[in-house]
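In: Give the three-dimensional model of this entry:
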Amino acid sequence: MRVLGIDPGLRLTGFGCVEGGTEPMSPPEFVDAGVVRLAPGSGPTPSVPTRLGELERDLTEIIKQNQPELIAIEALFSHPDHPFTAVQMAHARGVILLVAHRSGASIVELPPADVKRALTGSGQAKKGQIQASVARILGMNEVPKPADIADALAIAIAARWQALLPAGIRRPGVYDRPRC
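Out: Okay, here's the model as predicted:
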C-alpha cells in the first residue's frame, strides 16, 4: 500500500510518501518526500488565490508521480489566539482535498494528536520526537528536515498503520471513493 501524507501550509506544504505490505504494523519504506514552497512574501505578499493555484498545480504533479492509493491529510486545528491562521489553513486544505479527490485515491484526515500518539505513544510529543521517530521507523540516518517533511511522513506512516487495521478497530475517517 502506497500512502502520501500531506502537512498543509500556505508557505510550505510538506509531503511524504511511504509504501509497504498489507500486514498491520509491517514496516513502511520511504518513497519520496519534500516541500511545496509557495511564492515568498517579498514586497506585497502574493495573493491567496495565487498561492492556492501554485499549491494545486504542484500537488497534482506530486500525486501523479507517486500514484498513492491513500492520501492522508493533517486535520484542521485552530488556536483561539490565531483565528485568521485557521481560516488561511482551511483554504489550503480545501485545495489539497480537491486535488486528492480528483486523483481517485482514498482520503483520510488525521488529527495531529493521533499522528503523534501513533508514532511516539504520546499525543503531546514535540517536533524533535516526531522527527526522531520518523527517522527510526524509516531507517534513515538523519532526521528529515524541514519539520514539514517529517510531519508529512509521520502522517503517511500513521495513516498506513490505521488503514491496515480491521474495520472494527480502525478510527473512522477513511473516505473511500465510490467506484462506478
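
In: so for the top helix by length along the chain, what's the average pLDDT?
Out: Longest helix in the chain, counting residues (DSSP state H): helix 83-103. For helix 83-103, the mean pLDDT works out to 88.

In: Just checking, which helix or strand succeeds it along the chain?
Out: Next helix or strand after helix 83-103 toward the C-terminus (DSSP states H and E): strand 106-110.

In: got the CA coordinates for that next one in PDB?
Out: In PDB, the C-alpha atoms belonging to strand 106-110 read as follows (Å, rounded to 0.1, in the frame of the first residue of the first chain):
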ATOM      1  CA  SER A 106      -8.900   7.200  -0.800                       C
ATOM      2  CA  ILE A 107      -8.600  10.100   1.600                       C
ATOM      3  CA  VAL A 108      -8.200  10.200   5.400                       C
ATOM      4  CA  GLU A 109      -7.800  13.200   7.700                       C
ATOM      5  CA  LEU A 110      -5.900  12.600  10.900                       C
END
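
In: the inter-axis angle of that strand versus helix 83-103?
Out: Strand 106-110 runs at 160 degrees relative to helix 83-103, counting by axes from the mean of the first three to the mean of the last three C-alpha atoms, to 10 degrees.

In: For strand 106-110, which strands pair with it and how are they oriented?
Out: Strands that pair with strand 106-110, judged by DSSP bridges, come out as strand 70-74 (parallel), strand 174-175 (antiparallel).

In: Need the mean per-residue confidence for the longest one.
Out: The average of the pLDDT scores along strand 70-74 is 96.

In: Distance from the chain centre to that strand, please.
Out: 5 Å (C-alpha atoms, centre = their mean, to the nearest Å).

In: again, but for stretch 120-128
Out: 16 Å.

In: what's in contact with it?
Out: Residues from elsewhere that reach stretch 120-128, judged by C-beta atoms under 8 Å, 6 or more residues apart in numbering: 113, 114, 116, 117, 119, 129, 130, 133, 143, 147, 150, 151. (Each C-beta comes from the backbone N, C-alpha and C, glycine too.)

In: which of those residues are buried?
Out: 114, 116, 119, 130, 133, 143, 147, 150, 151 (16 or more other C-beta atoms under 10 Å).

In: Can you name the two of those that sit furthest apart?
Out: Spatially, the most separated pair among the buried ones among the contacts of stretch 120-128 is 114 and 143, at 21.0 Å (C-beta to C-beta).

In: what's the burial count for the closest residue to residue 1 other than its chain neighbours?
Out: On the basis of C-beta to C-beta, 6 or more residues apart in numbering, the spatially nearest residue to residue 1 that is not a chain neighbour turns out to be residue 69, at 5.5 Å. Using other C-beta atoms under 10 Å, residue 69 is surrounded by 15 other residues.
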